[in-house]
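Asker: Sequence and predicted structure are below.
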Amino acid sequence: MISRTERLLNYAILVLFATVALYPVLLIVSTALSPDRIGDTGGLHFGNFADAWDQGRFGSYMGTSVTVAVLVVGMASLFSVMAGYAFGTMRFRGSEVVFYIILLGIMVPAEALVIALYFDLREVGLTNTLVAIVMPQVAQSVAFGTFWMRAYFRTSSREVVEAARLDGAGHWRTLWRVLVPMGRPAITTMLVLMFMWTWNEFLIPLVMATSEDLRTAPLGLAFFQGQYTSGTALLAAGATLVALPVVVVYLFLQRHFIRGMVEGVAK
Amino acid sequence: MAGATVEDHRKKERVTLPQEIRSGETTTRRAGRAGQAPARRRRQGPPGEPRNLAYLYILPAVVVFALFIGMPLVRTATFSLYEWNGLGASTWVGLDNFQQVFTDPQLRGALTHALVLIIFYSAIPVTLGLLIAATMMRARRMRGLAVFRVLIFLPQVIPMVVVGIAWRQIYQPDGPLNDLLRAVGLDGFARPWLGDYTWALPSVGLVGTWVGTGLCFVLFLAGMAKIPRELYEAARLDGSGPLREFFAITLPAVRGEFAVALTLTIIAALKTFDLVYVMTSGGPGRETTVPSFEVYQRAFQFGQVGSAAALALVLTATIFVVTVLVNRIGAGDDDTTPNPRRRLSRRAAARQEAR
């Protein structure tokens, strides 16, 4: 159908495009594997990762990030599934208004929240706690998740719900035993997006975490950079560690990442 | 939050889709088909659902939302009416802080920088993505396309802090970019990019271009994959060249994707924070300050909480307006504008009949 030259040209464009997209990533990885100290010989220095993990304290930062991600994604997805179920399958007074307010909430940037959150949480002694880092992000993810799950529940088959009910399943059982297993693709997409946003979030932990123990991975990395501008190999090793979890999840579930952002228009 | 706007757009589209029917009506229709009285079913709502139960289901979401988005937003609005250093007493200043957003040269500088960043984050990636996708459109069944798509989309998922560190290294005085320039004999162009008063902002912007182009490309490629082939065949029968094809068929067909790409990238530009924090800290001088960075510095470093709050609200309002305006472009395509698909296919049909 398409000519040979055109095909070659297309591949050339793709290769160029992919090279540009990958170059900074490969640069960081190769720097991370380069000798850190003057006098070190060539070869691949995997030891840099161990150094970053211990001396650079990236082990601790990654630990905090894992805790935050588990809490945020866990709570936000649970609340979103429940709220989406109600908005998508039940009729109740005020549902439209409440839903549209939540929808507007999706657009509110963290910048407009952190100022008040910081000073008000300081008032009650909650800054520099997990609560302060986790809960605002739960709220942001819930706004998105409620919207996302409502869309799924609206398209879910009414026959299936009715059949479940005839079998004697209550609303709670219908949700968790029937609708949630059926909606696994939609839910996976939601989980994956929430995880990515939470892992990459910078401003909220920057404002809320004042002690080093509560630094998330991106935050720890930014501070590490500020302290050791010269330790490039170690810095790059840290950067690689910080990006690794998201990139790995992305490589396994790339369809969900891309779909999450693209599907909105693909319908 | 990045996905928000896609979702918002999606919602808009859903509203216009015929198959998207409010749940109550769906029940009615189904019930009608089953031969039951629609009115009775409708009054009952979805079968077996005591509707007050819904309040329990939405309770956790609503509480978290109210406490951590609703309240802070209202409180930020309150803060914006005062002058406060974050510790002592506060003074009521009315709308002075808002006036300051547009008159204070430092804040106006930050807003101007945001506009420049929109060119790099949005205008260039959308144009590039559109052009590349249009060139490659006929290659949709190419082998390996899926792998390339994954690689090209990758910059979207990497934490911005990591992106900033990678690009800082590229821009170093003895970094790869200057090496490249020297290698091709453009020694005069080599410079410490992030320390250069003229070039620091475009250098940060270019990173935004890098992040956004893949997203736009993937979006447009997906949109173009849905255009029926016959349209192009019909256009070719009509004797239109590639340029006309692009403007008459391709561009109108990806209007929705265009709106989403614009919204996502413009908002990313307006919310730039991590990159500036990691790469330049607003410098040299204040050449790369952006609204988010000013919000952060004023609220937490300079003790100008009221001013920071006002700027944050202006930023929020801008994001709302951009989202609504841009989505208008994408939403109006079904009946308000002449549909090139229909026009062309009708012509094609006429030709076939003539034959």
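Answerer: Thanks, I have it. Numbering: from 1, shown residues only, chains lettered A, B, ... in the order given.

Asker: contacts for the helix or strand residue A:121 falls within?
Answerer: Following DSSP states H and E, one finds residue A:121 within helix A:111-123. Helix A:111-123 is contacted from outside by A:127, A:131-132, A:136, A:203-204, A:207-208, B:68-69, B:71-76, B:78-79, B:86, B:271, B:273, B:291-292, B:295-296, B:299-300, B:305, B:308-309, B:312-313, B:315-316, using C-beta atoms under 8 Å, 6 or more residues apart in numbering or on different chains. For glycine as for every other residue, the C-beta is placed from the backbone atoms N, C-alpha and C.

Asker: Now a PyMOL select for only the buried ones of those.
Answerer: Only the buried entries of the contacts of helix A:111-123 go into this PyMOL selection, using 16 or more other C-beta atoms under 10 Å in any protein chain shown:
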select buried, (chain A and resi 127+131+132+136+203+204+207+208) or (chain B and resi 68+69+71+72+73+75+76+79+86+271+273+291+292+295+296+299+300+305+308+309+312+313+315+316)
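
Asker: Can you list the low-confidence ranges for chain A?
Answerer: Counting by pLDDT under 70, chain A has low-confidence residues at A:1-2, A:37-42, A:228-231, A:262-267.

Asker: Centroid-nearest residue for it?
Answerer: residue A:196 (1.7 Å; C-alpha atoms, centre = their mean).

Asker: in which helix or strand would I find that residue?
Answerer: helix A:184-200.

Asker: wait, does the very next helix or strand once past that helix make contact with chain B?
Answerer: Where DSSP H and E defines the elements, the next helix or strand beyond helix A:184-200 is helix A:203-208. Yes. Legend: contact between helix A:203-208 and chain B by C-beta under 8 Å from any C-beta of the partner chain is shown at A:203, A:206, A:207.

Asker: Which secondary structure elements does the helix or strand following helix A:203-208 sit against?
Answerer: Sequence order places helix A:217-227 as the next helix or strand after helix A:203-208, per DSSP H and E. Here helix A:217-227 touches helix A:58-89, helix A:184-200, helix A:203-208, helix A:232-252, helix B:160-171, helix B:274-279, going by 3 or more C-beta pairs under 8 Å, 6 or more residues apart in numbering or on different chains; DSSP states H and E.

Asker: and the fifth one, what other elements does it pack with?
Answerer: With contacts taken as 3+ C-beta pairs under 8 Å, 6+ apart, helix B:160-171 sits against helix A:4-32, helix A:217-227, helix A:232-252, helix B:176-183, helix B:200-224, helix B:274-279.

Asker: Tabulate those (a markdown table), appending mean neighbour count.
Answerer: A markdown table is the format used below for those (neighbours: other C-beta atoms under 10 Å in any protein chain shown):
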| stretch | mean neighbour count |
| --- | --- |
| helix A:4-32 | 16 |
| helix A:217-227 | 22 |
| helix A:232-252 | 21 |
| helix B:176-183 | 15 |
| helix B:200-224 | 24 |
| helix B:274-279 | 24 |
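
Asker: could you pull out the strands for chain B?
Answerer: Under the criterion DSSP state E, chain B carries strands at the ranges B:82-83, B:91-92.

Asker: Against chain A, how distant is the spatially most central residue of chain B?
Answerer: Of all residues in chain B, the one closest to the mean position by C-alpha atoms, centre = their mean is residue B:264, 0.7 Å from it. For residue B:264, the distance to chain A (C-beta to the nearest C-beta, to the nearest Å) stands at 7 Å.

Asker: Touching, that residue and residue A:261? I think so.
Answerer: Yes. Contact criterion C-beta atoms under 8 Å: residue B:264 and residue A:261 qualify, at 7.5 Å.
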